[in-house]
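[1] Mind folding the following:
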Amino acid sequence: MNITISRLIVAFGLAVAATGAMASGAGIPMERWPSERSRNFASLQNGARLFAVNTPANLLEIYAIETGKPVHKASVPVGLEPVAVAARSDSRVWVVNHLSDSVSVVDVSGSNPHVIRT
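    Here you go, the predicted model:
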């Protein structure tokens, strides 16, 4: 993984942490707190795409890395409360869903990424 991708992942992690810190304040009922994410991000070995779990929205977010900056390309609905993502190959990404107790296998090879198996 090159330095630029590593910096992007750190920046995304800081943004997610800041968002979580704002949401964890007093007055938010316990049942609205999402599950803890264990592996928020994954990238292809060539660094061309970045994948992020969006736990509150039950989505896998897909970004293309263009000129060193992430560009949002797609959002794919997955199971309930996704907490981890792993890029298995250039065409398959696995998403672990906490609340639905499942793994979503997402085909990311074409222009229309979608879940092919849960």
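[2] going forward, measure contacts between C-alpha atoms and count neighbours the same way
    Noted.
[3] can you give me the strands in this protein?
    Taking DSSP state E, the strands of the chain run over residues 41-43, 49-54, 59-66, 69-77, 82-87, 92-97, 102-107, 114-117.
[4] got the buried residues for stretch 71-88?
    By neighbour count on 16 or more other C-alpha atoms under 10 Å, the buried set for stretch 71-88 is 74-87.
[5] Just to check, Ser102 is in contact with Glu81?
    No. Taking contacts as C-alpha atoms under 8 Å, Ser102 lies outside contact range of Glu81: 10.0 Å.
[6] Mean pLDDT added to the strands of the chain, as CSV?
    Formatted as CSV, the strands of the chain follow (pLDDT from 0 to 100):
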stretch, mean pLDDT
strand 41-43, 92
strand 49-54, 94
strand 59-66, 94
strand 69-77, 95
strand 82-87, 94
strand 92-97, 96
strand 102-107, 97
strand 114-117, 96
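[7] For Ser102, give me its contacts.
    Contacts were defined as C-alpha atoms under 8 Å, 6 or more residues apart in numbering; by that measure Ser102 touches 79, 96, 118.
[8] Count the neighbours of the closest residue to the second one other than its chain neighbours for me.
    Of all residues beyond its chain neighbours, the one nearest Val96 is Val103 (4.6 Å), with distances taken as C-alpha to C-alpha, 6 or more residues apart in numbering. Residues near Val103, counting by other C-alpha atoms under 10 Å, number 18.
[9] what's near enough to touch Val103?
    So Val103 contacts 79, 94-97, 118 (C-alpha under 8 Å, 6+ apart).
[10] Drop anything exposed from those.
    Buried members of the contacts of Val103, scored by 16+ other C-alpha under 10 Å, are 79, 94-97.
[11] And those residues, which two are furthest apart?
    Farthest pair in those (C-alpha to C-alpha) is Gly79 and Trp94. Separation: 11.2 Å.
[12] Overlap of the contact sets of the two?
    Counting by C-alpha under 8 Å, 6+ apart, the shared contacts of Gly79 and Trp94 are 103-104.
[13] Who is Val106 paired with across the strands?
    Beta-bridge pairing of Val106 under DSSP bridges involves Val93, Val115.
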